[in-house]
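1. Any chance you could fold what I've pasted below:
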Amino acid sequence: MPGKTRVVVGGVDTHKDVHVAAVVDPTGKILDTAGFSATAAGYRELIAWMRGFGEVARVGVEGTGAYGAGLTRHLADEGVSVVEVNRPNRQARRRRGKSDTVDAEAAARAALNGEATVAPKTQGGVVESIRVLRVAFTSARSSRTRVALQIRDLIVTAPDELRAVLGPLGTDQRVARCARFHCAGDVGDPAVGTKLALRTLARRYEALSTEMAEMEAVLDELTARANPALRGAKGVGPDVAAILLTAAGDNPERLKSEAAFAAMCGASPVEASSGKTVRHRLNRGGNRQANHALWRIVMVRLTCDPATKAYAERRRAEGKSDREIVRCLKRYVAREVYRHLVAPEAVPASADLRIARVGAGLTLSAVVGELGTAIIRISRLERAVVQRLVRLCDVDALAQPTTTGRGMPNPTRGERGDLNPRPPGPQPGALTS
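-> Predicted coordinates:
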């Protein structure tokens, strides 16, 4: 067995049940390969096996955000440097073939020669919770859209009496109407069978809407807790913030520069020059969800931010198309978002209504019932996103029994209209020049 003073580099090709590992020396020579079970015991065996060849400098792991997530966490806990390895080059794969051992050797050599340098996400903080909760939220949203389309299509083919009543209604009105259907009679009758199907789908739609509201309120709170400076930026709501935080991970410092972040989001131009032709092409790679989040920010600012509007008008006068302007703005927004992720500015502290509510023994549902508003608005109020209405939520009054059964009056229409303003103070725009 070689002396343990030798420095070695490892590579792992991860799978659901078995991880295949390889160890190379500083010259790239393969020392050995082996397979290990994808369990905690297997992870311990793998790192002990690698250390048997010498000091492990770093390990290249393929699929750190999927099958390799558990191994990545274990290696980090053991103090081993981990780098994320992309799948092997297609040309090399065609020349050498494909096997788990070959992929593990390629991962080890990529970690050795510096081809793989990106640190994986740590997946151990609030951003990981945001990621998994957004999976549940987007699943409910997609399912609700599908149910709404199914209700629409059933109405198209429904008997005349149902189609005449439900056809002109909007989705919310249809759902409310269908959820109250009484399906007495023989379900073999197409009219009764259609009403039963519509009632089932409508109640499913309502259940999914409730799930979405709950998840949105939780994401609203977590994103504000994770990065209040990002949430304070113009055009950044809970969903956009969740996408961008997930893209950066719990350790955004792994992103070396704002150019690297823009490239990861697919918002940076790609060199496409050859000979006397010097040009750039559109970047169609990167994290497309993060790219979509940047696009949403730009669309909001083009609507309501004066600095962004002025920039668009100036560039349009220079002959730029709307698509080109949006691409330029996305690159500017990527730079701003990177600063918020890596070095967020301090957000002024304000009254913490959540502590007062919890101390009074009140749930969000109880407060929502008393105020007659949406749960997400109460969440924003507690996080001081709406600071002008702090006095509206008198927790002590809610905690006291009243003869009318309500702890406080409902806000007036004018007060409700103020539930969504931005916090006071300067708001960062997309551009200043």
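2. what about Leu169, distance to Tyr205?
-> 13 Å (Cβ to Cβ, to the nearest Å). (C-beta placed from N, C-alpha, C; glycine too.)
3. What of Phe36?
-> 47 Å.
4. more neighbours, Leu169 and Tyr205?
-> Tyr205 (25 against 14; other Cβ atoms under 10 Å).
5. my read: the more buried one touches Arg146, true?
-> No - the pair Tyr205 / Arg146 is not scored as a contact, 9.8 Å apart, by Cβ atoms under 8 Å.
6. Identify the contacts common to the two.
-> Common contacts of Tyr205 and Arg146, defined by Cβ atoms under 8 Å, 6 or more residues apart in numbering, are absent altogether.
7. could you say which helix or strand contains Val8?
-> Per DSSP states H and E: Val8 is located in strand 7-13.
8. Tell me which helix or strand comes right after that strand.
-> Taking DSSP H and E, what comes next after strand 7-13 is strand 18-24.
9. Can you pull the phi and psi angles for Ala267?
-> Ala267 adopts backbone torsions of phi -110, psi 10, taken as degrees, to the nearest 10.
10. contacting residues around it?
-> Ala267 neighbours (Cβ under 8 Å, 6+ apart): 283, 286, 291, 294, 327, 330-331, 333-334.
11. and which of the residues you listed is nearest Ala119?
-> When the contacts of Ala267 are ranked by distance to Ala119 (Cβ to Cβ), Gly286 comes first, at 17.4 Å.
12. Report the buried residues of stretch 168-178.
-> Neighbour counts over stretch 168-178 (16 or more other Cβ atoms under 10 Å) mark 174-175, 178 as buried.
13. For Val80, state which of those residues is nearest.
-> Nearest to Val80 among the buried residues of stretch 168-178, with distances taken as Cβ to Cβ, is Val175, at 53.1 Å.
14. Now do the closest one against Gly68, distance only.
-> 43 Å.
15. Could you do Leu166 as well?
-> Taking Cβ to Cβ, one finds Leu166 at 50 Å from Gly68.
16. again with Thr210
-> In terms of Cβ to Cβ, Thr210 sits 36 Å off from Gly68.
17. which of these two has more neighbours?
-> Per other Cβ under 10 Å, whichever of Thr210 and Gly68 has more neighbours is Gly68, with 24 against 12.
18. Any chance of the backbone angles for that one?
-> Here is the backbone geometry of Gly68 (degrees, to the nearest 10): phi -90, psi 10.
19. Run through the residues that contact it.
-> 12, 14, 19, 61-62.
20. tell me which of those residues is nearest to Val192?
-> Using Cβ to Cβ, Thr14 comes nearest to Val192 of the contacts of Gly68, at 53.2 Å.
21. ok, back up a step: could I get the contacts of Gly68 as a markdown table with pLDDT?
-> Listed next are those as a markdown table, based on pLDDT from 0 to 100:
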| residue | pLDDT |
| --- | --- |
| Val12 | 96 |
| Thr14 | 95 |
| His19 | 96 |
| Val61 | 95 |
| Glu62 | 93 |
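22. that older thread, which one among the buried residues of stretch 168-178 gets closest to Thr308?
-> For the buried residues of stretch 168-178, the nearest to Thr308 is Val175 (36.9 Å; Cβ to Cβ).
23. Please tell me how far the closest one sits from Leu154.
-> 12 Å.
24. can you check Arg95 too?
-> 55 Å.
25. Mind checking which of the two has more residues around it?
-> Leu154 (18 against 8).
26. how about the more buried one, what does it touch?
-> Contacts of Leu154 by Cβ under 8 Å, 6+ apart are 194, 197-198, 201.
27. Now flag whichever of the residues you listed is closest to Val85.
-> Leu201 (45.3 Å).
28. Just the element for the closest one, please.
-> Going by DSSP H and E, Leu201 is part of helix 190-226.
29. try Ser379
-> Using DSSP H and E, Ser379 falls in helix 375-382.
30. quick one on the thing from earlier: determine the set of other helices and strands touching the strand holding Val8.
-> Counting contacts by 3 or more Cβ pairs under 8 Å, 6 or more residues apart in numbering; DSSP states H and E, strand 7-13 packs against strand 18-24, helix 40-51, strand 55-62, helix 100-113.
31. now do 7 Å
-> When contacts are defined as 3 or more Cβ pairs under 7 Å, 6 or more residues apart in numbering; DSSP states H and E, strand 7-13 sits against strand 18-24, strand 55-62, helix 100-113.
32. partners of the next helix or strand after the first one, with directions?
-> Right, the one you point to is strand 18-24. The C-terminal neighbour of strand 18-24 among helices and strands, as given by DSSP H and E, is strand 30-37. Take DSSP bridges as the rule and strand 30-37 pairs in its sheet with strand 18-24 (antiparallel).
33. List the buried residues in the strand it pairs with.
-> Those buried within strand 18-24 under the rule 16+ other Cβ under 10 Å are 19-24.
34. do the same with stretch 249-264
-> 249-250, 252, 254-255, 258, 261-264.
35. Then stretch 190-199?
-> 191-192, 194-195, 197-199.
36. what does stretch 268-288 give?
-> 268, 283, 286-287.
37. Can you tell me what sits against it?
-> 247, 259, 262-267, 331 (Cβ atoms under 7 Å, 6 or more residues apart in numbering).
38. ok, of those residues, which one's closest to Val240?
-> For the contacts of stretch 268-288, the nearest to Val240 is Ala247 (10.9 Å; Cβ to Cβ).
39. Now do the SS call for the closest one.
-> The three-state assignment at Ala247 reads helix, by DSSP: H, G, I helix; E, B strand; the rest coil.
40. what about the helices in the stretch 301-433 of the chain?
-> For the stretch 301-433 of the chain, applying DSSP state H, counting those that start in this stretch gives helices covering 306-317, 322-342, 353-359, 364-371, 375-382, 395-399, 413-416.
41. returning to that earlier point: model confidence over the helix holding Leu201, on average?
-> Mean pLDDT, helix 190-226: 94.
42. got a list of what the closest residue to Arg203 other than its chain neighbours touches?
-> Nearest non-adjacent residue to Arg203, counting by Cβ to Cβ, 6 or more residues apart in numbering: Ala179, 5.3 Å away. By Cβ under 7 Å, 6+ apart, the contact set of Ala179 is 199, 202-203, 206.
43. Just the pLDDT at Ala179, thanks.
-> Residue-level pLDDT assigned to Ala179 equals 95.
44. Would you mind measuring from it to Ile151?
-> In terms of Cβ to Cβ, Ala179 sits 10 Å off from Ile151.
45. So which residues of the stretch 51-200 of the chain form strands?
-> According to DSSP state E, counting those that start in this stretch, the stretch 51-200 of the chain carries its strands in the segments 55-62, 81-85.
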